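Asker: Sequence isn't available, so here's the structure alone:
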């Protein structure tokens, strides 16, 4: 009997936690607001946009000047030589590099004196790595990556909101299915009770009771299945509107019924803004622009290197580092350097292969953009037609349900006066239940199709 206490404790705690659950009643708008505020996927995508924003600063930093300074002492055969250098270095958007500074080295030729130079050094590529297109490519790509991140963020918003509407209607459909199952089960239960009374009075055969009880057992099973469907649907919705599982488990969700209004606009009225509002189309456009920038950069790398080298400053000498620097700054002789450097890869296969790859990727991006445009328009047209059909289904299934109610009511009246049988009443009860489920499904399907319609046209609703 040692297991009795733990089992009782488990049952008591389980009952406590079940009772502690709070029912959270949600409208569609409240569910969407919660998804925007608390959905984990949206939070991640916001961070991705911030990362892309910092990527722009990262590429701008390439052109930030750097301050450098060094001092070294070298000993050779007990003789020490010293050197000092300090300056500012940087890269220009033309591809040129510059250095402004001063340097001083000890010279043995002049009996231990120091030679110093103060001035500007400049190196400008004229072929490979020359120009704004090449040297600003990475920065421009980073800016496109930021734009890409924002459109991807909008796509996640659209997808998440549409998924929330889908899950919301799944809960609605499951809850309505459960309510219909309970109503049908209760009707069968009442039929069993009524039949018991009639059998006792001798006005009904016992076979009718068996048939009614069999239907009751079947409908009990349907209630259990519908209950599980509600739980699964609730958890799918919770996944989208909560960011904490423990908190989500503390709630039972109940959604408010709604039906989207009919959209009467013509399909063609949406085409003018369809691509403009579509994140997937803009993502394709940006991918093409990035591919083109990379092609320009890679094409430039197939050129030989030809650099212009220039230096201008003042040189001086003295018996100490300080003296030589003073001499260069205030009494120095003008010093000029002008020259060129060339480097020509014999085969340059790596650069040419990279250029060929970039060309193919650009072509792929162009074709991909055409495919995206076509897919958006065709998918949107399909969505529009499905939405219109689903709206008509709502009216048709509602009318069918009303007829099923009238038929059941008439059959129950016939049963009460003895001109019908339990078999037909139970059959018409099932027919009514199926008609109710079809109407519920039609309403949920129409609501989902409107959400998909808005997602494809890039509208947050």
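Answerer: Great, that's in hand. Since the structure is predicted, the reported quantities are computational estimates derived from the model, not experimental observations. Numbers count the residues shown, from 1 in each chain.
Asker: and the helix or strand harbouring residue 442, which residues are buried?
Answerer: Under DSSP states H and E, the secondary-structure element containing residue 442 is helix 422-456. By neighbour count with 16 or more other Cβ atoms under 10 Å, helix 422-456 contains the buried residues 422, 425-426, 428-433, 435-456. (C-beta placed from N, C-alpha, C; glycine too.)
Asker: same question, stretch 304-324
Answerer: Of the residues in stretch 304-324, those with enough neighbours to count as buried (16+ other Cβ under 10 Å) are 305-307, 310-311, 313-318, 321, 323-324.
Asker: now, which of these sits nearest residue 96?
Answerer: residue 307 (8.9 Å; Cβ to Cβ).
Asker: Confirm that the closest one sits in a strand.
Answerer: Yes. Secondary structure assignment (DSSP: H, G, I helix; E, B strand; the rest coil) places residue 307 inside a strand.
Asker: I figured it was touching residue 97, is that so?
Answerer: No. With contacts defined as Cβ atoms under 8 Å, residue 307 does not count as touching residue 97, sitting 9.3 Å away.
Asker: Distance to residue 391, secondary structure and pLDDT for the buried residues of stretch 304-324 - can I get that in CSV?
Answerer: Shown next, in CSV, are the buried residues of stretch 304-324 (distance: Cβ to Cβ, whole Å; DSSP: H, G, I helix; E, B strand; the rest coil; pLDDT from 0 to 100):
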residue, distance to residue 391, secondary structure, pLDDT
305, 67, strand, 95
306, 69, strand, 95
307, 70, strand, 96
310, 75, strand, 96
311, 78, strand, 95
313, 81, strand, 92
314, 85, strand, 91
315, 87, strand, 90
316, 90, strand, 87
317, 93, strand, 86
318, 93, strand, 83
321, 88, helix, 81
323, 93, helix, 82
324, 90, helix, 84
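Asker: Could you single out the nearest of the residues you listed to residue 336?
Answerer: residue 311 (7.2 Å).
Asker: What residue, apart from its backbone neighbours, is nearest the closest one spatially?
Answerer: The spatially closest residue to residue 311, leaving aside those adjacent along the chain, is residue 337, at 3.7 Å (Cβ to Cβ, 6 or more residues apart in numbering).
Asker: buried set for the strand or helix carrying the one you found?
Answerer: Assessed by DSSP H and E, residue 337 sits inside strand 333-343. Buried residues in strand 333-343, defined by neighbour count with 16+ other Cβ under 10 Å: none.
Asker: For the chain, give me the ranges with low pLDDT.
Answerer: In the prediction, the chain carries residues with pLDDT under 70 at positions 1-20, 78, 107-112, 195, 198-209, 422, 461.
Asker: chain center to the lengthiest helix in it: distance?
Answerer: For the chain, the helix reaching the highest residue count under DSSP state H is reported as helix 349-416. Distance of helix 349-416 from its chain centroid, counting by Cα atoms, centre = their mean, to the nearest Å, is 20 Å.
Asker: Please apply the same query to stretch 39-48.
Answerer: Centre-to-centre, stretch 39-48 and its host chain are 7 Å apart (Cα atoms, centre = their mean).
Asker: what about the residue most central in space within the chain, helix or strand, and which?
Answerer: Of all residues in the chain, the one closest to the mean position by Cα atoms, centre = their mean is residue 156, 3.4 Å from it. Secondary structure from DSSP H and E places residue 156 in helix 137-201.
Asker: Could you tell me the angle between the following helix or strand past that helix and helix 349-416?
Answerer: Heading C-terminal from helix 137-201, the first helix or strand you meet, by DSSP H and E, is helix 206-241. Inter-element angle recorded for helix 206-241 and helix 349-416: 150 degrees (by axes from the mean of the first three to the mean of the last three Cα atoms, to 10 degrees).
Asker: Mind giving me the packing neighbours of helix 206-241?
Answerer: Taking 3 or more Cβ pairs under 8 Å, 6 or more residues apart in numbering; DSSP states H and E as contact, the helices and strands that helix 206-241 lies on are helix 28-38, helix 137-201, helix 245-249, strand 251-255, helix 422-456.
Asker: mind running it again at 10 Å?
Answerer: For helix 206-241, the helices and strands in contact under the criterion 3 or more Cβ pairs under 10 Å, 6 or more residues apart in numbering; DSSP states H and E are strand 22-26, helix 28-38, helix 40-60, helix 137-201, helix 245-249, strand 251-255, helix 422-456.
Asker: Which one of these lies nearest to residue 226?
Answerer: Across the helices and strands packed on helix 206-241 (criterion: Cβ to Cβ), the nearest stretch is helix 137-201, sitting at 4.0 Å.
Asker: The closest one to helix 349-416, inter-axis angle?
Answerer: Here helix 137-201 runs at 20 degrees with respect to helix 349-416, directions being taken by the same axes, to 10 degrees.
Asker: helices or strands up against helix 137-201?
Answerer: Helices and strands touching helix 137-201, as assessed by 3+ Cβ pairs under 10 Å, 6+ apart, comprise helix 28-38, helix 40-60, helix 132-135, helix 206-241, strand 251-255, helix 279-300, helix 349-416, helix 422-456.
Asker: and the longest one, what does it pack onto?
Answerer: Counting contacts by 3+ Cβ pairs under 10 Å, 6+ apart, helix 349-416 is packed against helix 137-201, helix 271-274, helix 279-300, helix 422-456.
Asker: how's the protein carved up into domains?
Answerer: Residue ranges for each domain of the chain read 20-60+136-294+351-456, 70-131+304-348, as given by automatic domain parsing.
Asker: residues near the closest residue to residue 275 other than its chain neighbours, how many?
Answerer: Counting by Cβ to Cβ, 6+ apart, residue 275 lies nearest to residue 281, which is 4.7 Å off, once chain neighbours are set aside. Using other Cβ atoms under 10 Å as the criterion, residue 281 is surrounded by 20 other residues.
Asker: With residue 253 instead?
Answerer: Around residue 253 there are 21 other residues, counting by other Cβ under 10 Å.
Asker: what's the nearest residue to it if we skip its chain neighbours?
Answerer: The shortest distance from residue 253 to any non-neighbouring residue, by Cβ to Cβ, 6+ apart, is to residue 234 (4.7 Å).
Asker: Thanks a lot, see you next time.
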